[in-house]
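K.L.:
Here's a sequence, model it:
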Amino acid sequence: MAQFVLEILDGDRAGEVLSLAEGTLRIGRKPGNDLVVADEKASGVHAEVAFEGGRYVLRDLGSTNGTMMDGRKVTEVVLGRGDTFTIGRIRLRFSAEGEPKDLSTQEIALGRIDAARLEAAKGQGRGRSASTMVLVLVLLVAAGGYLWFTLQGSGSGDDGSQTAAGPRAVLQVPSNRLDGEAAGCEQEAAWDLRVAGAGFTGGGTGHTGRRGFEAGRGGDGVDFAVAATSSEIKVLGGRSLTAAAHLRTSADARAAVRLTFWSSNEQAPFRFRTGTDLAASPEWQRREVIAAVPPGADRCRIEIVAVLPSESSRVQCDDVALLEAGAAVGIEQKIGESATVVGAGQSLAVRSMDTEAPVMLLSLRPADVAAELRGLAAADQLALSDIGAAIGVTADEFGARFEATGCSSLELDFPAENAGGLLVDGGAGFGGAEADSLGPCRRVLLGDRSTRCLIELPAALALTGKLGNGVYRITIPAAAFRLQFGFRQERQQARELLRTAEASADSGAPGGALDMLRELLRTVPHDAETAATVVARRGEWQQAAQERLRQLSIELEDAEFFDTRGGFQRVVAGVDRLLETYGANNVEDPQGIAALRARAEARLLQLDTQRQSDQQKRLQAMAAAFDAAQQAGLANLVRDYVTQRFGKQE
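P.N.:
From the prediction side, this is the model:
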């Protein structure tokens, strides 16, 4: 292979030639660069020339004034012999070692034959002169041909596109884990081009090679597309990977490259998706994401995402690579002995220590997004990284605090079974709620046993829920929240309240016991096992009250059948004792109990009225008998008693 060099054409180092090794040469104003250029227009670390896939690639490193070639700014381009580019105001030429330093100058020089030598040649005869002229013409043609071949041999313009000379060879990246078909985007077989949305198609203009993939709106107007490598790529947890692709966009389109990780173990259905942000690239641009394989994941694939706002929007993709490189660190933060926060980049989940129910939080994503991203979000294809958002997490013994930057609301995905038995607290204690209508609340308690989870918010907010496809999704209109999984203190408090309530019931005060259980469920229902015991005890004590009420109903029927005053009295007294023992707020049908007592009291009033009337009649008959016996004093005495006892006589 020829040895290639860079020749400095301007500045105080003009004329110097630097040999290029099979590595990377950094160029910039700072002393640490491999080539230091003393020009104030150059950035500290301006550009690099890197040997990749058997070719040298010029790459701008985000410089202020850009890297110029043929009067245009370039981001990344494969260098061909004779290419000249500018860093600041310093021109550099790429060529093979031993080639003429300036072919164009040489070509001109060849045309400038020394006049004296021509005159001397004339004196040596016509044959000598003719042969000399033929030699000069041959040299001129050869030099011109060599110059044309050198300048055209690269086969592309400064943006990497094909030229009239033909396509560039497919970019070969050393240590690329993708095979040639998948990496070069020359064949569709290695890709699933229609993962979601409008999809990509083959045959588009490539960055290198003959073709690449292209996405545009389909006839149905779908405004996004997702493609992915079709084969699963085996990876090891904790390893750092770099995924890169060359992307080009037009007409307001945006694109991103992502890594998706998951586990081959079906019992761990986590899927971690992280990548670059969705951005425009009017010229071919190499974009890369560096991420560590999350703990527990052993599979990955590369995804290319396109957002297509208009009918003319286009996204092109080519030259994809997956390397075991980078310095990313996976996310793994333990929450006491109950759970672990795991993830990669901007993608997080919470894994339970319970192998039978390993999922606590499946994933989280942005909720309120721009209109052009809603189609991507509705298809469950939107990631936090797509909008440039990030998520931070701080774990402690009992839970973890999550805080997102770059978005104002989040969607949390839990296993569907967590939607059963929801409890929400809007500020006055916990109460039941429907899965799809949580309402304003500060805390949401969901899950069961090992998957018990509490969502805590900074203020009472209106939350919404959606249940479907094995997932319960809660939308939070906030960028920060806390998840609590350990409830040791709450469990101790609940168990102490339960013991006190049981002692109260055993001592003959079930009403006080039921009041304690109500307070327990309102304030500390966090422990599923204790809550289940509370519900069982409450049912037992309320059933006892219901049984006593049933017995009183039978006694009332007996009293009405036999029409005995004592029976009605026992019913009234029994109802009073029931309410005193259990409390009106602890019986199932307080209105029914009140009606039962009213029936007994009404009959007692009737009996008392009848008895008084009979008594009054007997006393009046006695007074009349005394009158007949001419015992006026006794008759008046009886009449006075009747008046005092029953009121004025008519």
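
K.L.:
Could you pick out the longest strand of the protein?
P.N.:
strand 453-468 (DSSP state E).

K.L.:
Neighbouring strands - and their directions - for that strand?
P.N.:
strand 439-446 (antiparallel), strand 471-476 (antiparallel), strand 480-484 (antiparallel) (DSSP bridges).

K.L.:
where does residue 121 land on pLDDT?
P.N.:
Note on residue 121: pLDDT of 33.

K.L.:
burial measure for residue 236, as a count.
P.N.:
Counted with other CB atoms under 10 Å, the neighbours of residue 236 add up to 10. Glycine gets a C-beta too; all of them are placed from N, C-alpha and C.

K.L.:
And what about it, helix, strand or coil?
P.N.:
coil (DSSP: H, G, I helix; E, B strand; the rest coil).

K.L.:
Nearest residue to it in space, please, no chain neighbours.
P.N.:
residue 293 (6.3 Å; CB to CB, 6 or more residues apart in numbering).

K.L.:
which residues touch that neighbour?
P.N.:
Residue 293 is in contact with 235-241, 261, 300, 330, 344, counting by CB atoms under 8 Å, 6 or more residues apart in numbering.

K.L.:
Recalculate using a threshold of 6 Å.
P.N.:
235, 237, 239, 261 (CB atoms under 6 Å, 6 or more residues apart in numbering).

K.L.:
Same check on residue 629?
P.N.:
Here residue 629 is in contact with no residue (CB under 6 Å, 6+ apart).

K.L.:
One more: the one 5 residues further on?
P.N.:
Residues counted as contacts of residue 634 (CB under 6 Å, 6+ apart) are residue 626.

K.L.:
Over to it: give its phi and psi.
P.N.:
phi -70, psi -40 (degrees, to the nearest 10).

K.L.:
Give the bridge partners for the closest residue to residue 23 other than its chain neighbours, please.
P.N.:
Ranked by CB to CB, 6+ apart and with sequence neighbours excluded, the top spatial neighbour of residue 23 is residue 51, at 6.1 Å. For residue 51, the beta-bridge partners are residue 56 (DSSP bridges).

K.L.:
swap in residue 444?
P.N.:
With beta bridges defined as DSSP bridges, residue 444 has these partners: residue 424, residue 455.

K.L.:
surely it meets residue 454?
P.N.:
No - shown here, residue 444 and residue 454 do not form a contact pair, counting by CB atoms under 6 Å, at 7.1 Å.

K.L.:
what about the longest helix in this protein?
P.N.:
Counting residues, the longest helix in the chain under DSSP state H turns out to be helix 590-628.

K.L.:
what about residue 551, how many neighbours?
P.N.:
12.

K.L.:
Just read off the phi/psi values of it.
P.N.:
Dihedral pair for residue 551: phi -60, psi -40, per degrees, to the nearest 10.

K.L.:
again, but for residue 544
P.N.:
Torsion angles, degrees, to the nearest 10, at residue 544: phi -60, psi -40.

K.L.:
Need phi/psi at the closest residue in space to it that isn't next to it in sequence.
P.N.:
Counting by CB to CB, 6+ apart, residue 544 lies nearest to residue 510, which is 6.8 Å off, once chain neighbours are set aside. Reported as degrees, to the nearest 10, the phi and psi values for residue 510 are phi -70, psi -20.
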